[in-house]
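Novice: Let me see the structure of the following:
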Amino acid sequence: VVKTNLQIDSDVAHSVDRSVFFARDIPSSERYKVTTPPLLQLVFGDCIDVSGTVSIPEVNKKDYKDETSTLYRFPYREYLAKDDVYKLIRVKNTTYSRECIPLAHYQKIELFFMKQKERLTNILLREYEQPYAGLVAGVLVAGKGLMDKKTLDMFKRTSLSHVVVLSGTNVSIVILCVTKIIEILFFWKKENSFYIECLQKGMVLICIWMFVLLTGGGAPIYRAAASAFVGMILFKDKTSQVYALTITVFVLTIINPFQTLYDPSFHLTCCATYGLILFSKPIQVWMHLYMSKVLPRWLQEIVAVTLATQVFVFPYLVYMTGSFSSMFLVSNMLVLPMIPMIMFLGFLTLVGSATGFELLLDASVWVNNLLLKFVFRIVKTLSQVPYGYIQMKTSTSIFVLVSYSILLTIIIYYTSRRRPPSLC
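Specialist: All right, here's what the predicted structure looks like:
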C-alpha cells in the first residue's frame, strides 16, 4: 500500500463501478494505470492524493493441458509499455490535491478539446435514451465506455465489436467528409497546383488532428491518424496499396514498437486491411459473375468487403479468442450500412442543439432512433441464434487453423493461375 500524489495525463474512462486513466506520479514522474472508485468527476490535468495498492502487470502463462484456454497469451506488460506504463495502482481513497504542476501549452489544448468532448457527450446522452445514446456517442466521440457489458457482449457475439469503438473506420469517414468539403471550397480551381494541393492536404490533416484531440485519442485513433499523415505525405494516388500499407506499418513500428508488436487491435486492423486490399476485388468479380441475378450491385460490394476482411481476421480471432461468430456476414451486411447514417444524424443532433435549431434537433433524433432500434433489434436477434457464436476447445482451434491455412493456400494457388475477368 502506498500514498502518493498523481496528475492525470489522459482521458478518464468513467463507468458505473470505476474510473480508469493514466496518471504520472509527481514526485518520481513514473506513469501508472490507475483504477479508482467512481466517486470523483476526475478530468485531464487534475491532481489527486491517493492511497492504494501498487502492482506489476501479470503475465498469464499458457497452460497447454487446459482445453478451455486459448492459444493466445495476452502480453499485458508489453501492451501497457506502449503507453509508457509499467505499474498499476488500485486506489482505495482519493482526494483532490493542491500540489499540482501547471499544464504545458499543448496540455491546455488537450484539456480544452476533452471538455468539448464531455459537453458533446452530455448532449447526446440527454437527447437519446440508453442504450441508443451509448452507440451514438460511441461512434462519434466517446468510444465503447458508455455501453453496458450486456450490450457489448451482444455486439461481440455478432462480430460487430468494431462498430462500437472509435477506430480507423471513424477516421476514414471524417477524412472522406472533410475532403469533400474542401473540394467544394476549392471548386474554382479546375486544375490544382502543387501549392493548392499542399494547402488542401494541410487542411485535412489539421481536421484529423482536431478529431483525435476531441475523441481523447486512444491507440486505434492515433494509429489511424498517423497512417493518414504518412499516406498523405509519402504516397501518391497510384502507389500500390500493399506497398503503402507495409511502409506505414514499418513507420509506426519505428515510432512505437510496443504498439505494433503487442497490441491485438493493431494486428486485427492489419489483417482486415491486407485482406481488403488483396481479396475484395477478386471476390467482387466472382460475385458479379455468379450472383448478379440474386444480389444488387451495392450489396455485392458489402458482401465482398466483409468476406475479404475476414480472410485474415478469422484465423487470428480463432487463435486469440478460440471463438468466432457464424453470423458475421449477415450482421455486417445489415448493420454496417447504417453506421455512417447514425454518425451523420448524431452530428446533426449536435448541430441542432448547439444552434438552437429545434426542428433539426427533433427530426435528427427521431430518424436516428428508428435506425438505432433497427440496429439493436438485429443485433439482439442474431446474438440469440443457436450456434451463432461458437466457442472452441484448444485442440479444435488448432485443427480449424491448420485446415483453414491449407484451404486458403489451395484457393490462392489456383486462383492466382487464372486471370480474373474485369468487372466492366
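Novice: going forward, measure contacts and count neighbours with C-alpha atoms only.
Specialist: Noted.
Novice: Which of the helices or strands spans Gly45?
Specialist: Per DSSP states H and E: Gly45 is located in neither a helix nor a strand.
Novice: How about Val91?
Specialist: Counting by DSSP H and E, Val91 is part of strand 87-96.
Novice: Outside of that strand itself, list whatever touches it.
Specialist: Here strand 87-96 makes contact (C-alpha atoms under 8 Å, 6 or more residues apart in numbering) with 31-37, 46-57.
Novice: Just the buried ones from those residues?
Specialist: 31-37, 46-52, 54, 57 (16 or more other C-alpha atoms under 10 Å).
Novice: and of these, the nearest to Glu110?
Specialist: The closest of the buried ones among the contacts of strand 87-96 to Glu110 turns out to be Asp46 (C-alpha to C-alpha; 12.9 Å).
Novice: ok, that closest one - contacts?
Specialist: Gln7, Ile8, Tyr96, Cys100.
Novice: show me where pLDDT drops low in this structure?
Specialist: 16, 39-40, 59-69, 142-145, 166-171, 187-194, 216-239, 416-424 (pLDDT under 70).
Novice: try 90 this time
Specialist: 1-30, 34-87, 89, 91-362, 383-424 (pLDDT under 90).
Novice: Helices of the stretch 301-424 of the chain, start to end?
Specialist: Assigned by DSSP state H, counting those that start in this stretch, the helices in the stretch 301-424 of the chain fall at 328-335, 338-355, 358-383, 394-416.
Novice: With the stretch 51-200 of the chain instead?
Specialist: 76-81, 105-127, 132-137, 149-157, 168-185, 194-215.
Novice: list the helices and strands the last one packs on?
Specialist: Secondary-structure packing of helix 194-215 (3 or more C-alpha pairs under 8 Å, 6 or more residues apart in numbering; DSSP states H and E): helix 105-127, helix 168-185, helix 219-234.
Novice: count of neighbours near Glu127?
Specialist: 18 (other C-alpha atoms under 10 Å).
Novice: burial count for the residue lying closest to it once chain neighbours are set aside?
Specialist: Nearest non-adjacent residue to Glu127, counting by C-alpha to C-alpha, 6 or more residues apart in numbering: Val365, 7.2 Å away. Using other C-alpha under 10 Å, the number of residues around Val365 comes to 22.
Novice: thinking Val365 is in contact with Leu125, fair?
Specialist: No. Counting by C-alpha atoms under 8 Å, Val365 does not reach Leu125; the two are 11.5 Å apart.
Novice: is it true that Lys3 touches Val54?
Specialist: No. Applying C-alpha under 8 Å as the test, Lys3 and Val54 come out as separate, 9.9 Å apart.
Novice: any shared contact partners between those two?
Specialist: Joint contacts of Lys3 and Val54 (C-alpha under 8 Å, 6+ apart) do not exist.
Novice: burial of Ala23, as a residue count?
Specialist: With other C-alpha under 10 Å as criterion, Ala23 counts 27.
Novice: who's in contact with it?
Specialist: Residues near Ala23 by C-alpha under 8 Å, 6+ apart: Leu6, Gln7, Ile8, Asp9, Ser10, Arg31, Tyr32, Lys33, Val34.
Novice: Any idea how many residues pack against Asp362?
Specialist: Counted with other C-alpha under 10 Å, Asp362 comes out at 16.
Novice: picking that back up, same list (the helices of the stretch 301-424 of the chain) but as TSV, adding distance to Thr248.
Specialist: Shown next, in TSV, are the helices of the stretch 301-424 of the chain (distance: least, C-alpha to C-alpha, whole Å):
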stretch	distance to Thr248
helix 328-335	27
helix 338-355	26
helix 358-383	34
helix 394-416	25
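Novice: closest to Phe186 out of those helices?
Specialist: With C-alpha to C-alpha, the closest approach to Phe186 among these belongs to helix 338-355: 23.1 Å.
Novice: The closest one: which residues count as buried?
Specialist: For helix 338-355, by 16+ other C-alpha under 10 Å, it's 338-339, 342-350, 352-353.
Novice: That's all I had, so thanks and see you.
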